[in-house]
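Student: quick one, what's the 3D model for this:
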Amino acid sequence: MIWLTWRQFRTQTLVAAALLAAAAVYLLITGTQLRHSYSADLITCHSSSAEYTCAGLLNGLESDYNGTLDLFELLVLAAPGLVGIFWGAPLIAGELERGTHYMTWNQSVTRTRWLAVKLTAIALASIAAAGIISLLMTWWASPLDTMSGNRFGTQAFNARNVVPLGYAAFAFALGVTLGLLLRRTLPAMAATLAIFIAVQLVVTVLVRPNVMPAIVTTVPINQTTMSQALRFDRAREVTGPVTIDLPAPPGSWNLSQTPALNSAGQPIQTSEILTCWNQMISRGPVAIKGSGNAPFAPLGACLAPLNLHVNVTYQPADRYWPLQWIETALYAVLAALLAAFCFRRIRRLG
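Tutor: Coordinates of the predicted model:
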């Protein structure tokens with residue numbers, strides 16, 4: 001059975017191996033260049049007292065490699081789905097369409113052994129392929145991830161470390177299950193893609209932010225915190241809310257923020273900050289820029305006596321790996337349940 005499985009899937013395996021080899025060569029070469037540039041820029045930053053020089057160098061480095069980063073992140077994200085479509089869905093559906101399963105079962109090979117060998121061999125190949133491309137992507141992107149500090153971003157989280165292995169196992173098992181149920185390769189491939197994308201969206205949007213209890217912290221609005229503000233929005237209407245994007249603790253996952261609140265916890269109105277806003281605008285571009293290249297620091301100094309604050313809900317940085325392992329385990333359990341269903345179903349297949 002092992003030899004037969006290899007014969008049936010050697011073309012797909014060799015194509016995948018060739019693609020992985022090409023990707024590995026490219027990522028190793030460009031990754032080495034990226035690390036050299038990153039180290040050189042850090043040396044320049046440390047030898048210069050101007051903050052804007054360091055920021056400009058690192059931003060330029062990110063811009064140079066963002067295209068490659070996006071391309072390979074999409075490749076890693078697509079790999080599990082492609083495994084489910086081209087390896088999982090045809091595994092049983094193709095045999096059922098051609099009727100070749102009868103020949104195998106009539107040669108003293110039981111249905112469960114037939115399925116066990118196919119599932120184990122191709123599943124291991126699927127997980128290995130996802131693991132290799134994920135490992136390469138994680139190594140290649142580590143300098144850029146260090147600069148951005150955004151390991152929890154959807155693309156970054158889904159394309160790094162161990163979660164792609166869980167995605168690949170689930171996508172493969174899903175494809176096999178749908179091929180067994182639908183008995184037609186093309187419908188099984190289409191259904192695999194649709195369901196896999198739907199499950200990933202549900203897990204990413206609804207499950208991941210809530211699988212561990214989030215932390216809520218109160219951040220006061222003053223010169224220090226406003227110097228780190230990413231955005232300040234005030235409504236055109238004087239009765240509208242005031243929205244300020246303040247960063248969560250370094251490396252954490254910022255889930256949500258409230259509008260600016262007063263000491264009683266009630267949203268303030270735009271009319272309450274207009275005096276400070278107009279004072280900042282009246283000082284001109286130099287005053288707005290503020291010290292340390294923080295455009296909203298003067299506004300924060302003016303607002304400090306009002307005792308305003310923002311409630312920030314976040315997942316701390318040290319939960320990155322627990323969330324990675326929990327999500328991987330979730331997809332592994334789903335894959336195991338689908339595999340168990342396949343073994344149950346194959347016994348009753350006519």
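Student: just the helices in the stretch 101-250 of the chain please.
Tutor: Along the stretch 101-250 of the chain, counting by DSSP state H, counting those that start in this stretch, helices occupy 111-148, 154-158, 163-182, 185-202, 223-226.
Student: deepest in the core, which of those is it.
Tutor: Scoring the helices of the stretch 101-250 of the chain by mean neighbour count under mean count of other Cβ atoms under 10 Å gives helix 163-182 as the most buried, with a mean of 26. Backbone N, C-alpha and C define where each C-beta goes, glycine included.
Student: give me the low-pLDDT residue ranges for the protein?
Tutor: Within the chain, the stretches with pLDDT under 70 are 1-10, 43-44, 46-58, 99-109, 283-294, 349-350.
Student: domain map for it?
Tutor: Domain segmentation of the chain under automatic domain parsing yields 2-212+319-347, 222-307.
Student: out of these, nearest to residue 313?
Tutor: Checking the domains of the chain against residue 313 by Cβ to Cβ gives domain 222-307 as the closest, at 4.6 Å.
Student: next, the distance between the ends of the closest one.
Tutor: End-to-end distance for domain 222-307, by Cα to Cα, to the nearest Å: 8 Å.
Student: next: stretch 78-96.
Tutor: Terminal residues of stretch 78-96 lie 27 Å apart, using Cα to Cα.
Student: what sits up against it?
Tutor: Stretch 78-96 is contacted from outside by 9, 12, 101, 104, 115, 118-119, 122, 125-126, 129-130, 133, 164, 167-168, 170-176, 178-180, 182-185, 188-189, 192-193, 196-197, 342, 346, using Cβ atoms under 8 Å, 6 or more residues apart in numbering.
Student: the longest helix in this structure is where?
Tutor: When the chain is parsed with DSSP state H, its longest helix is helix 2-46.
Student: could you give the angle of the next helix or strand after that helix to helix 2-46?
Tutor: As assigned by DSSP states H and E, the chain's next helix or strand after helix 2-46 is helix 51-83. Here helix 51-83 runs at an angle of 170 degrees relative to helix 2-46 (axes from the mean of the first three to the mean of the last three Cα atoms, to 10 degrees).
Student: list the buried residues in helix 51-83.
Tutor: Neighbour-count burial for helix 51-83 flags 54, 57-58, 61, 65, 68-69, 72-73, 76-77, 79-83 (criterion: 16 or more other Cβ atoms under 10 Å).
Student: next: stretch 254-261.
Tutor: For stretch 254-261, a neighbour-count test (16+ other Cβ under 10 Å) marks 254, 255, 257, 258, 259, 260, 261 as buried.
Student: which pair of the residues you listed spans the longest distance?
Tutor: 255 and 260 (17.9 Å).
Student: and stretch 114-134, how far out from the chain's middle?
Tutor: Distance of stretch 114-134 from its chain centroid, counting by Cα atoms, centre = their mean, to the nearest Å, is 22 Å.
Student: please apply the same query to stretch 252-265.
Tutor: That offset, for stretch 252-265, works out to 24 Å (Cα atoms, centre = their mean).
Student: swap in stretch 249-257?
Tutor: On the basis of Cα atoms, centre = their mean, stretch 249-257 is displaced by 15 Å from the centre of the chain it belongs to.
Student: likewise for stretch 131-147?
Tutor: 12 Å.
Student: same check, this time on stretch 313-332
Tutor: Worked out by Cα atoms, centre = their mean, stretch 313-332 lies 11 Å from the chain centre.
Student: residue 171 is in contact with residue 122, correct?
Tutor: No - look at residue 122 against residue 171 with Cβ atoms under 8 Å: they stay out of range, at 11.7 Å.
Student: so where does residue 298 fall, helix or strand?
Tutor: Going by DSSP H and E, residue 298 is in helix 297-303.
Student: output the contacting helices and strands for that helix.
Tutor: Packed against helix 297-303 by the contact rule (3 or more Cβ pairs under 8 Å, 6 or more residues apart in numbering; DSSP states H and E) you find helix 223-226, helix 274-282.
Student: distance from it to the middle of the chain?
Tutor: Its chain's average C-alpha position is 35 Å from that of helix 297-303, according to Cα atoms, centre = their mean.
Student: cool, stretch 73-92 as well?
Tutor: With Cα atoms, centre = their mean as the basis, stretch 73-92 stands 17 Å off its chain's centre.
Student: what's the end-to-end length of that stretch?
Tutor: Start-to-end span of stretch 73-92 (Cα to Cα) is 30 Å.
Student: same check on stretch 252-268?
Tutor: First residue to last in stretch 252-268 (Cα to Cα) measures 27 Å.
Student: what about that stretch, distance to the chain center?
Tutor: In terms of Cα atoms, centre = their mean, the gap separating the centre of stretch 252-268 from the centre of its chain is 26 Å.
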